[in-house]
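A.B. asks: Sequence plus the predicted model coming up.
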Amino acid sequence: MGFEVIVTLGPSIFGSEKIKEMDSFGECIFRINGAHADEVEASEIIHSTRKILPDAKIMMDLPGNKIRTKNILEPMAVIKGQTFRLLNSQTNFNNFHKHVQVGDIVLASDSTLSLEVLNSENDSVEFLAHSDGVLENNKGIHIRGINENMPFLFERDRKLIEVACSEKLDYLSLSYVRDDKDIKEVKNLLPNDNEVTLVAKIETAAAVRNLEKIMDIVNVVNIDRGDLSAEIGMMNIPETQSEVIKSGLSAGLRVFLATQFLKNMEVNPLPLISETVSMYNVMNNGISGIQLSEETAVGKYPVECVEFIFEFYRRINRG
């Protein structure tokens, strides 16, 4: 099995011949982001993808126990220095208020918003904004370490696991893994004859601490640098990434990396020099592949992104 690109499916490529074109450049895995697709929508995406590319490798990426906004009908303007309330009914976790404390710093909307908890009541949490921005529907809300005290699987995860099994998908990617017990919980839900490959996403501080136990029971890991940076801090990402890659490859695992590899190509036809250098470095480390997210799901140049990665990989490994 050679170098692969995980291509996130989204509006930019849904039901399009672009899927077939991407796969012609090299070995692709087509990813369904469970955070943006329920079980009905996921099934439709699977069928439409297989209609275009019958032998497509497909991955179901579970949303996991990440707290997200919901029932926000219009984007909420957040202004630095001002306060606002978020109702429990506006998150996907009804006990949200029980998991925050006064003074907690909350990162929202892909860490673009920094919010401080002023107080929490039975039905809401009051925040003080430390930055300007917009809070939209279905955006992540992150409090460092909160996932360690929550159930590993939400109901939506369980339904998507059923879809992954019934549709005989190739990969099932587990979000916010904390230790080997989380992986065993999923394994216990799988039918005996199921052949789906489990992928442990390394994106929590707990997963980094329990890396050896996790790597003992999976064959594939994916380092999600976005959520991991919110957990351990941006400055710790390079060293941690290097350690996880080294540990995974030493254990004989396939190791993927995710988050912002070709961010510039969401809106521009070419990557930044810094993106190219970063990709060169991780490819030279012997990783098994790279995941593209917004670049292919909503970006303007999804096909060009995939073509660039495979061409660049071949150039690095030529001869």
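C.D. replies: Thanks, I have it.

A.B. asks: distance of residue 165 from residue 186?
C.D. replies: 11 Å (C-beta to C-beta, to the nearest Å). The way it works is simple: take the backbone N, C-alpha and C, and place the C-beta from them, glycine included.

A.B. asks: Parallel or antiparallel, which strands does the helix or strand of the chain with the lowest mean pLDDT pair with?
C.D. replies: Here the helix or strand of the chain ranked lowest by mean pLDDT, DSSP states H and E is strand 140-142, holding a mean of 86. Taking DSSP bridges as the criterion, strand 140-142 sits next to strand 67-68 (antiparallel), strand 105-108 (antiparallel) in its sheet.

A.B. asks: Could you dump those into a markdown table and include distance to residue 273?
C.D. replies: Output for these, formatted as a markdown table (distance: least, C-beta to C-beta, whole Å):
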| stretch | distance to residue 273 |
| --- | --- |
| strand 67-68 | 34 |
| strand 105-108 | 28 |
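
A.B. asks: Select, out of those strands, the one closest to residue 263.
C.D. replies: Evaluated over the strands paired with strand 140-142, closeness to residue 263 peaks at strand 105-108, with 18.1 Å, by C-beta to C-beta.

A.B. asks: So which bits of the helix or strand that that closest one is followed by are buried?
C.D. replies: Counting by DSSP states H and E, the next helix or strand C-terminal to strand 105-108 is strand 113-121. Buried residues in strand 113-121, defined by neighbour count with 16 or more other C-beta atoms under 10 Å: 113, 114, 115, 117, 120.

A.B. asks: of all the residues you listed, which comes closest to residue 244?
C.D. replies: Out of these, the member with the shortest distance to residue 244 (by C-beta to C-beta) is residue 114, at 26.4 Å.

A.B. asks: Just give the closest residue to that closest one, not the sequence neighbours.
C.D. replies: Spatially, and ignoring its direct neighbours in sequence, residue 114 is nearest to residue 130 (4.1 Å; C-beta to C-beta, 6 or more residues apart in numbering).

A.B. asks: same check, this time on residue 16
C.D. replies: Closest to residue 16 by C-beta to C-beta, 6+ apart is residue 52, at 7.4 Å.

A.B. asks: ok, the one you found - how many residues close by?
C.D. replies: Using other C-beta atoms under 10 Å, residue 52 is surrounded by 18 other residues.

A.B. asks: Which neighbouring residues are in contact with it, exactly?
C.D. replies: Residue 52 makes contact with 15, 16, 17, 19, 20 under the criterion C-beta atoms under 8 Å, 6 or more residues apart in numbering.

A.B. asks: Got the phi and psi for the second one?
C.D. replies: By that I understand residue 16. Taking degrees, to the nearest 10, you get phi -110, psi 150 for the backbone angles of residue 16.
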